[in-house]
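Colleague: The following block contains a protein sequence and its predicted model.
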Amino acid sequence: MTGANRFSSLPCGRRGKWVVLGVWIVVLVVAMPLAGKLTGAQTNESSAWLPSNAEATRVVEESERFTPADTFPAVIVYHRDGAPITAADRAKAAADVPRLQAVTGDPEGSDPPRRLAVDVQGPIPAKDGTALETIVTVQVGNEGWDLLGPAVDDYRDIVQHGDPGLKAHVTGPAGYAGDFSNVFAGFDSTLLFITAAIVIAILLITYRSPILWLAPILCVGFALAAAQALIYLLAAHAGLTVNGQAAFILTVLVFGAGTDYALLLTARYREELRRHRDRHEAMAIALHRAGPAIIASGSTVALGMLCLLVAVLNSTKSMGPVMAIGVVVALAAMVTLLPALLVIGGRWMFWPRRPDYGTGEPSERGLWARIGGAIAVRPRVTWVVTAVVLGALATGILGLNTGSLPSKDAFTGKPDSVTGEEVLARHFPAGSGSPVQIVTNAGTQDEVTAALGTVPGLTAVAPAGNDPGRPIEGRVYLEGTLAAAPDSEQAFTAVERARTAVHAVPGADALVGGTSAVTLDINDASHRDQNAVIPLVLVVVLAILGVLLRAVVAPLILVATVVLSYAAALGVSALVFDHVFGFASADPSFPLWAFVFLVALGTDYNIFLMTRVHEEAKRHGTRRGALIGLAATGGVITSAGAVLAGTFAALGSLPLVFVAELGFTVAFGVLLDTFVVRSVLVTALNLDLGRHMWWPSALSRARPEGAAREAAHAARE
């Protein structure tokens, strides 16, 4: 018995299956308490995502000497619709100040309670007399977003109660952060239930069994808990950055990818049950034959995710190991725990469609066998027309806007922070509450202030901090106010001009940061990461396919089809975002994330199909092997695609534009890939190119007798 055979027999042996089950139960018992702590280990502040050498990051580090660390301004704006502010309104706003200062941030209490507000400015009247503004600087400490959501809710309870004609909103960095925090709070369990419900529904339709779906779901549950526990340990003790979006995507990826591997293995196991009396032997053979494709698929996805490690943006870089861990753990569960559960359960788990020994394989004359026969009639026309249509869909990319996604456009709905920003912009400088931060050498502040005075869109530059104007360690801290909203293109232009102006001051070594600068540097880093990661992912995928298929032509063609599928999905998404959903734009990192998911997962389906085609081509020739491979895997690939698309579509239930966009694009792209690209385009190319697909391997030189006649016979059927 070879090493591979011994490994494939281990999880499904008469004793080994119980050992494997026992090991996974121990893993679950250890992992569950740790997995529940992952939410508390997340870092969602945008400044923490930046590379250490970004100018905004350096300002964050230096400004801590002058202002309290971990602070967020909450901007409260009072107004009346079409009427001036009254004396009673001013009294109400003034009376709110001590109540705002009294809000504490200790969920479990402490003695004495810690107050969140470290500074309150206002109420400040607008020049037009129709609004008031109060700025509360909130210090959150180590608790971060865990405090901002409840704190902002408390501020709104205070300011929004009183005269019903006086309206009040909480916006600014703290207001937005509070709304983001409230979106994420408790949604992990909601997303888990939605995703599980979608997967269970698709498995019930696919298996047509009221029992069989339990095995993949149990395995996914074990894998998700183990992955979350491992990621928590790395976040808590090894410096791994995990944010709320990564945690949500981890859930759908483990469900989607894990169920995909389960579908492939279960389909092969069902085939072997019809050929072998002993279910242990059937599973050993199924695992031996399908295992390499499953392991290669999981490895491709994991390595594709790890390519994100070359990114400079911390939020993107950390996404790599988080997703890779999820895929590897899901893969481990599906090649160990799933075989054990299926063998323990026996054939009755497939009831009412039990695959009894000696019965025929339905896929041999099923839907995909008939589709393959239709493609075989004119394979060249089929792949050319399909490629042209996909190319036409890809032209929609020209309308995809990825310049920036302002905070006001980041929600699918309209929370109070967005309304507050709109009101604020009508009555006050839009950048009030989100100052531009400048750090410069002592003795150069006058020259730097003068240089900033020439920058359009930047006003009121002056010393700030705990002791305005006093140098600390040879540096001085200044702040300025933007005329435009802090995450607008006008604000970014003002920051770039401010940097150009202060960098030209001799001996100043001046730096420009603040909320707008952080967003600007994140956007710039996202574009750089896209140019670095995408080529690397393609090289990794090409190399894995080359080793797996032992060919050059096939990997090149398969990668080209994956890229074409990605471009078509992105083109359709751009049109849908603009004309159906009405989204203002896409996040700069959106194309990269969509690429990594679609290319890595699309390669999954290439491997599922082409490893089976390669296996059959050795016996029947490529053309006949392509038809057998499609008939055998077409159903499982499309079912796997439906599961993965359903899990990513579940992200649409999160009311954030970026997550909704990513969920739609990956879901649509996966369906396009499985139903059209993989099943039609690749099969047509296999039939048209024949043995040349496998150049330069020996298979490209083989001419099995009757291969052409077999393909023609299949086409006539």
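Modeller: Looks like it came in fine. Numbers count the residues shown, from 1 in each chain.
Colleague: Check which helices and strands the helix or strand that contains Asp153 is in contact with.
Modeller: Counting by DSSP states H and E, the element that carries Asp153 is helix 145-159. Contact here means 3 or more C-beta pairs under 8 Å, 6 or more residues apart in numbering; DSSP states H and E; on that basis helix 145-159 packs against strand 71-79, helix 87-101, strand 131-139, strand 167-171, helix 172-184. Quick note: C-beta positions are derived from backbone N, CA and C, even for glycine.
Colleague: could you redo the last one with a cut-off of 10 Å?
Modeller: Helix 145-159 sits against strand 71-79, helix 87-101, strand 131-139, strand 167-171, helix 172-184, helix 416-427, with contacts defined as 3 or more C-beta pairs under 10 Å, 6 or more residues apart in numbering; DSSP states H and E.
Colleague: Can you mark which positions in the longest one are buried?
Modeller: Residues of helix 87-101 classed as buried by neighbour count (16 or more other C-beta atoms under 10 Å): Asp89, Lys92, Ala93, Asp96, Val97, Leu100.
Colleague: Of the helices and strands packed on helix 145-159, flag the one that's most buried.
Modeller: Most buried of the helices and strands packed on helix 145-159, by mean neighbour count (mean count of other C-beta atoms under 10 Å): strand 71-79, with a mean of 27.
Colleague: Using CSV, write down the CA coordinates of it.
Modeller: Below are the C-alpha coordinates for strand 71-79, written out as CSV (Å, rounded to 0.1, in the frame of the first residue of the first chain):
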residue,chain,number,x,y,z
THR,A,71,-9.5,60.0,20.4
PHE,A,72,-12.4,60.6,18.0
PRO,A,73,-14.3,63.9,17.6
ALA,A,74,-18.1,63.5,17.8
VAL,A,75,-19.7,66.5,16.0
ILE,A,76,-23.2,67.3,17.3
VAL,A,77,-25.2,69.7,15.1
TYR,A,78,-28.5,71.3,16.2
HIS,A,79,-30.8,72.9,13.7
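Colleague: That strand: how far from the chain's middle?
Modeller: Strand 71-79 sits 31 Å away from the centroid of its parent chain (C-alpha atoms, centre = their mean, to the nearest Å).
Colleague: pLDDT below threshold where in this protein?
Modeller: 1-9, 40-48, 69, 105-114, 141-146, 186, 360-365, 702-717 (pLDDT under 70).
Colleague: Dead centre of it: give me the residue that sits there.
Modeller: Nearest to the geometric centre of the chain sits Ile249, at 4.8 Å (C-alpha atoms, centre = their mean).
Colleague: in terms of contact, does that residue touch Gly663 like I think?
Modeller: Yes: between Ile249 and Gly663 a contact is recorded at 8.9 Å, counting by C-beta atoms under 10 Å.
Colleague: Now for these two: what residues contact both?
Modeller: Thr647, Phe648, Leu651 (C-beta atoms under 10 Å, 6 or more residues apart in numbering).
Colleague: wait, which of the residues you listed is closest to Ser209?
Modeller: Thr647 (20.4 Å; C-beta to C-beta).
Colleague: List the residues that contact the nearest residue to Asp416 once chain neighbours are set aside.
Modeller: Leaving aside its sequence neighbours, Asp416 sits nearest to His169 (C-beta to C-beta, 6 or more residues apart in numbering; 5.3 Å). Under the criterion of C-beta under 10 Å, 6+ apart, the neighbours of His169 are 75-79, 156, 159-160, 175, 415-424.
Colleague: For whatever helix or strand Phe222 lives in, which helices and strands make contact with it?
Modeller: For Phe222, the host element (DSSP H and E) is helix 214-237. Here helix 214-237 touches helix 16-35, helix 187-207, helix 244-273, helix 314-345, going by 3+ C-beta pairs under 10 Å, 6+ apart.
Colleague: quick one: the last one to helix 214-237, angle?
Modeller: With axes from the mean of the first three to the mean of the last three C-alpha atoms, to 10 degrees as the criterion, the two stretches helix 314-345 and helix 214-237 enclose an angle of 150 degrees.
Colleague: Tell me how far helix 314-345 lies from the chain's centre.
Modeller: Centre to centre, stretch against its chain (C-alpha atoms, centre = their mean), the figure for helix 314-345 is 17 Å.
Colleague: just the first one next, same as before
Modeller: Relative to the mean C-alpha coordinate of its chain, helix 16-35 is positioned 28 Å out (C-alpha atoms, centre = their mean).
Colleague: continuing past it, what's the next helix or strand?
Modeller: Following helix 16-35 in sequence, per DSSP H and E, is helix 55-63.
Colleague: Same question for the last one.
Modeller: The helix or strand immediately downstream of helix 314-345 is helix 367-377, counting by DSSP H and E.
Colleague: what's near enough to touch Leu50?
Modeller: Counting by C-beta under 10 Å, 6+ apart, Leu50 makes contact with 56-58, 60, 312-315, 513, 517-518, 521-522, 525.
Colleague: and stretch 680-699, how far out from the chain's middle?
Modeller: 34 Å.
Colleague: Pull up the gap between the residue lying farthest from the centre of the chain and Asp163, please.
Modeller: Using C-alpha atoms, centre = their mean, the residue of the chain lying farthest from its centre is Ala87. It sits 49.9 Å away. Distance of Ala87 to Asp163, given as C-beta to C-beta, to the nearest Å: 12 Å.
Colleague: thought Val682 was touching Val559?
Modeller: No: in this structure Val682 lies outside contact range of Val559 using C-beta under 10 Å: 11.4 Å.
Colleague: Now do the shared contacts for those two.
Modeller: The contact lists of Val682 and Val559 share Asn606, where a contact means C-beta under 10 Å, 6+ apart.
Colleague: who has more neighbours, those two?
Modeller: Val682 (28 against 21; other C-beta atoms under 10 Å).
Colleague: Excluding residues flanking it in the chain, which one is nearest the more buried one?
Modeller: Val682 sits nearest to Thr561 (C-beta to C-beta, 6+ apart), 5.9 Å away.
Colleague: In a strand, the one you found, correct?
Modeller: No: secondary structure of Thr561 (DSSP: H, G, I helix; E, B strand; the rest coil): helix, not part of a strand.
Colleague: Can you name the residues that contact it?
Modeller: Trp383, Thr386, Ala387, Leu390, Gly602, Asn606, Asp673, Val677, Arg678, Leu681, Val682, Leu685.
Colleague: among those, which are in helices?
Modeller: Trp383, Thr386, Ala387, Leu390, Gly602, Asn606, Leu685 (DSSP state H).
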